[in-house]
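Novice: Got a predicted model here, sequence first, then my questions.
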Amino acid sequence: MDDAELIARSVAEGRWFELVFDRHYGRIHRFCVARAGPDAADDLASETFVVAFRRRDAYDISHTDAAPWLYGIALNVLRAFHRRELAHGRLVNRARLASASPSDGQLPYDRSGALSTALRGLSEQDRDLIVLFAWAGLTYEQLGECLGLPVGTVRSRLSRTRERLRRQLEPALAEGTM
């Protein structure tokens, strides 16, 4: 059964949603770890699925893969988390991306820190777009669904973001530090 059928069935019998949870929890959790760190990821991934369960009756069953919908919910949950952290005066690295060590904020394959720095320099929207494209492996159409953007807008923003990252990373690539 595809996700649309499982979600449709879950409206009448909630237990069907467990299969959607089992199918997607790992990737949503990894995304939350990458964006908020391991300490907050369990709660944020769980909150994503609680929201999804509550909204399952509004799911568009013409979309057979629920991943873009779930990533969209996760993005909203993460944004709310960052706002709460900032409101409580806790320092939050909004650009946090999966790191070998939660304290250094650097990607494990980014020896020079150039990629981490370049990603932090992006707007939140562009960072979300590139991370969902590169790490989550979403297609242009799925990105549009997830972010509420037309596919043409996704293509052009992604192209500009990739070019910006490429220009910023050229020195590190030339030096061989990446």
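Specialist: Okay, I see it.

Novice: Relative to residue 114, how far out is the closest residue to residue 64 other than its chain neighbours?
Specialist: In this structure, residue 64 finds its nearest non-sequential neighbour in residue 2, 4.0 Å apart by Cβ to Cβ, 6 or more residues apart in numbering. To be clear about C-beta, it is placed using only N, CA and C from the backbone, and glycine gets the same treatment. Relative to residue 114, residue 2 is positioned 40 Å away (Cβ to Cβ, to the nearest Å).

Novice: Repeat that for residue 140.
Specialist: 27 Å.

Novice: Just want to know which of the two has more residues nearby.
Specialist: Neighbour count, other Cβ atoms under 10 Å: between residue 140 and residue 114, residue 114 has more, with 21 against 15.

Novice: Am I right that the more buried one is in contact with residue 170?
Specialist: No. With contact taken as Cβ atoms under 8 Å, residue 114 and residue 170 are classed as non-touching, separated by 9.5 Å.

Novice: residues touching residue 168, list them.
Specialist: Residue 168 sits next to 114, 117, 118, 121 when contact means Cβ atoms under 8 Å, 6 or more residues apart in numbering.

Novice: Show the buried residues in these.
Specialist: The neighbour count (16 or more other Cβ atoms under 10 Å) marks 114, 117, 118 as buried among these.

Novice: how about the helices of this structure, start to end?
Specialist: Here the chain has its helices, by DSSP state H, at 3-12, 17-36, 38-54, 67-87, 114-120, 124-134, 140-147, 151-175.

Novice: For the shortest one, list the C-alpha coordinates in CSV.
Specialist: Provided in CSV are the C-alpha atoms of helix 114-120 (Å, rounded to 0.1, in the frame of the first residue of the first chain):
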residue,chain,number,x,y,z
ALA,A,114,33.9,25.8,4.3
LEU,A,115,30.7,24.0,3.5
SER,A,116,29.2,24.6,7.0
THR,A,117,30.1,28.2,6.7
ALA,A,118,28.6,28.5,3.2
LEU,A,119,25.4,26.8,4.4
ARG,A,120,25.1,29.2,7.4
